[in-house]
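Visitor: Whatever this is, show me its structure:
(one chain, ligands or ions: 1)
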Amino acid sequence: MIKCERCGYDKLETISEGKSSGVKCPKCGWDIVTTCAHPLQFDRQKYSVLVNGDRDLNVDKVKAIAKTCRCSVVEARKKLLEGFEMRDLTADETMAVLQMLKQVDALFKVTPRFPHKY
Ligand SMILES: [Zn+2]
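Guide: Numbers count the residues shown, from 1 in each chain. From the prediction side, this is the model:
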């Protein structure tokens, strides 16, 4: 957990505006904003990604899921048909999973809401 350098408050807000990103203390207004750092590195939230059951399977989708879940193609196909959830993902992992799901056109839901662009 990142703490405020001025007052020690530990619930810093993530700032993401255009190309600027960083963290801000809601208590005293202290902030670190950079124009190149990725806000993902400040995100300590764990996310769950729920992938909807899907009957419209294609090879690319099944292969992408198999790779992401590190399981066999057969298992991936079964997961996709029934729907499944990936829990306790870090922001980085969530980003990778969401980019993959978007690419293969899968239906999914992230909890809590994922604030980064993917
Ligand atoms: Zn502060």
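
Visitor: just checking, next helix/strand downstream of the lowest-mean-pLDDT helix or strand in the chain?
Guide: Here the helix or strand of the chain ranked lowest by mean pLDDT, DSSP states H and E is strand 31-34, holding a mean of 77. Once strand 31-34 ends, the next helix or strand along the chain (criterion: DSSP states H and E) is strand 47-51.

Visitor: ok, that next one: who's next to it in the sheet?
Guide: strand 84-89 (antiparallel), strand 108-111 (antiparallel) (DSSP bridges).

Visitor: Which parts of the protein are helices?
Guide: 59-69, 73-82, 91-103 (DSSP state H).

Visitor: got the contact list for the most centrally placed residue in the chain?
Guide: Centrality entry for the chain: nearest residue to the mean C-alpha point is T94, 2.7 Å, by C-alpha atoms, centre = their mean. Listed by C-beta atoms under 8 Å, 6 or more residues apart in numbering, the contact set of T94 reads Y47, V49, V110, F114. To be clear about C-beta, it is placed using only N, CA and C from the backbone, and glycine gets the same treatment.

Visitor: hey, what's the second one bridged with?
Guide: Pointing back at V49 there. Those that pair with V49 in a beta bridge, by DSSP bridges, are M86, V110.

Visitor: That one contacts F84, doesn't it?
Guide: No. Using C-beta atoms under 8 Å, V49 makes no contact with F84, being 9.2 Å away.

Visitor: higher neighbour count, these two?
Guide: Per other C-beta atoms under 10 Å, whichever of V49 and F84 has more neighbours is V49, with 21 against 17.

Visitor: Against the ion, how distant is A76?
Guide: 46 Å (C-beta to the ion, to the nearest Å).

Visitor: which non-adjacent residue is nearest that residue?
Guide: Closest residue to A76 apart from its sequence neighbours, by C-beta to C-beta, 6 or more residues apart in numbering: A66 at 3.7 Å.
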